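K.L.:
no FASTA, just this:
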Ligand code: HXC
């Protein structure tokens, strides 16, 4: 599979996807978007792959947003008729059932922040900066920013960030629950790949079900989510990996996972 604006590498069962337009601070133009959709579909379909990491090239930006130069001349009808960025909600979020991590190595602004928040969790470099500055361009978040940021950090901070366009640094992002942890920039890739490798080494169906369960917390009522959790738990008890995991524990030996 050939790509021009992203790099895709595999390390064992981990796929590393790097947005590679450093001169434009990894701004998300339509080619990046299309290639990301393809790369995530390939990762999802490859049985050998268990977890992905998404990051940006260079040490300045994860992604500084949707490409403003590409959007500047488009009119409302074009955005509406193309259902701008709807693809990502369905392909990166809904159809990617395997876990993936955003390793945020600098600016994650506008669409870049929204893309990071589509990940199952975010590991941030100490230089990371998050923001929804769309208001300063006369628009507003358009791929989940106003919703996912509010759920992640609460109304007060999300509202202030959307209304003023101010950025949140990595320390504040960690305090606010937007990111899992903050690491020095030079350790970011290694930390994210090590974490992804650990996740990829887990029983595959259990990993996918755990992801689905946590995401359900954001999508439905507690009552429905608890029923869904019980049913998914019950389904997992039918897997070979459940039998293996419990037997291995009792016999005090390492488990050997089948992914089934
Ligand atoms: C296109 C961008 C870009 C973007 C940066 N660049 N962000 N190009 N789209 N989103 C380009 C610059 O034009 C410049 O190109 C080069 O990258 C380096 O950027 P500088 O501005 O010179 O760098 P710096 O002074 O360090 O400032 C960094 C920055 C700033 C604070 C991140 O670039 C910035 O404010 N960028 C825009 C952030 C933003 O508003 N994002 C939201 C976009 S709207 P040249 O050719 O001059 O070297 C959005 C909507 C999503 O995401 C919703 C869709 C449905």
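P.N.:
Alright, I've got the coordinates. Remember, predicted model here, so these are calculated numbers, not experimental data.
K.L.:
So which residues on the stretch 101-250 of the chain come close to the ligand?
P.N.:
107, 109-111, 133-134, 137, 141-143 (CB under 6 Å from any ligand atom). Just so you know, the C-beta spots here come from the backbone N, C-alpha and C atoms, and that holds for glycine as well.
K.L.:
do that again at 5 Å, thanks
P.N.:
107, 109-111, 133-134, 142-143 (CB under 5 Å from any ligand atom).
K.L.:
Just the closest of these to residue 185, please.
P.N.:
Set against residue 185, the nearest of these by CB to CB is residue 107 (12.6 Å).
K.L.:
separation between the closest residue to the closest one other than its chain neighbours and the ligand?
P.N.:
Closest residue to residue 107 apart from its sequence neighbours, by CB to CB, 6 or more residues apart in numbering: residue 61 at 4.3 Å. Shown here: residue 61 relative to the ligand, a distance of 7 Å by CB to the nearest ligand atom, to the nearest Å.
K.L.:
for residue 27, same thing?
P.N.:
Going from residue 27 to the ligand by CB to the nearest ligand atom gives 3 Å.
K.L.:
can I get the residues of the stretch 101-250 of the chain next to the ligand in a markdown table with distance to residue 41 and pLDDT?
P.N.:
Formatted as a markdown table, these follow (distance: CB to CB, whole Å; pLDDT from 0 to 100):
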| residue | distance to residue 41 | pLDDT |
| --- | --- | --- |
| 107 | 27 | 98 |
| 109 | 26 | 98 |
| 110 | 24 | 98 |
| 111 | 20 | 97 |
| 133 | 30 | 98 |
| 134 | 28 | 98 |
| 142 | 22 | 95 |
| 143 | 18 | 94 |
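K.L.:
Mind checking which of those residues land in helices?
P.N.:
Residues of those located in helices (DSSP state H): residue 111.
K.L.:
got the residues of the stretch 101-250 of the chain next to the ligand as JSON lines, with neighbour count columns?
P.N.:
Listed next are these as JSON lines, based on neighbours: other CB atoms under 10 Å:
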{"residue": "107", "neighbour count": "24"}
{"residue": "109", "neighbour count": "26"}
{"residue": "110", "neighbour count": "28"}
{"residue": "111", "neighbour count": "28"}
{"residue": "133", "neighbour count": "20"}
{"residue": "134", "neighbour count": "23"}
{"residue": "142", "neighbour count": "17"}
{"residue": "143", "neighbour count": "25"}
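K.L.:
biggest separation within the residues of the stretch 101-250 of the chain next to the ligand, which pair?
P.N.:
For these, the farthest-apart pair by CB to CB is 107 and 142; their separation is 17.9 Å.
K.L.:
how close does residue 14 get to residue 46?
P.N.:
Distance of residue 14 to residue 46, computed by CB to CB, to the nearest Å: 11 Å.
K.L.:
who's in contact with the closest residue to residue 84 other than its chain neighbours?
P.N.:
Among residues not flanking residue 84 along the chain, residue 142 sits closest, at 6.4 Å (CB to CB, 6+ apart). Contact analysis of residue 142 by CB atoms under 8 Å, 6 or more residues apart in numbering lists 66, 79, 84-85, 111, 114, 134.
K.L.:
can I get the residues you listed in JSON lines with distance to residue 199 and secondary structure?
P.N.:
Below are those laid out as JSON lines (distance: CB to CB, whole Å; DSSP: H, G, I helix; E, B strand; the rest coil):
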{"residue": "66", "distance to residue 199": "29", "secondary structure": "strand"}
{"residue": "79", "distance to residue 199": "35", "secondary structure": "helix"}
{"residue": "84", "distance to residue 199": "31", "secondary structure": "coil"}
{"residue": "85", "distance to residue 199": "27", "secondary structure": "coil"}
{"residue": "111", "distance to residue 199": "25", "secondary structure": "helix"}
{"residue": "114", "distance to residue 199": "23", "secondary structure": "helix"}
{"residue": "134", "distance to residue 199": "32", "secondary structure": "helix"}
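K.L.:
and the two most separated of the residues you listed?
P.N.:
Using CB to CB, these span at most 15.1 Å, a distance reached by 79 and 114.
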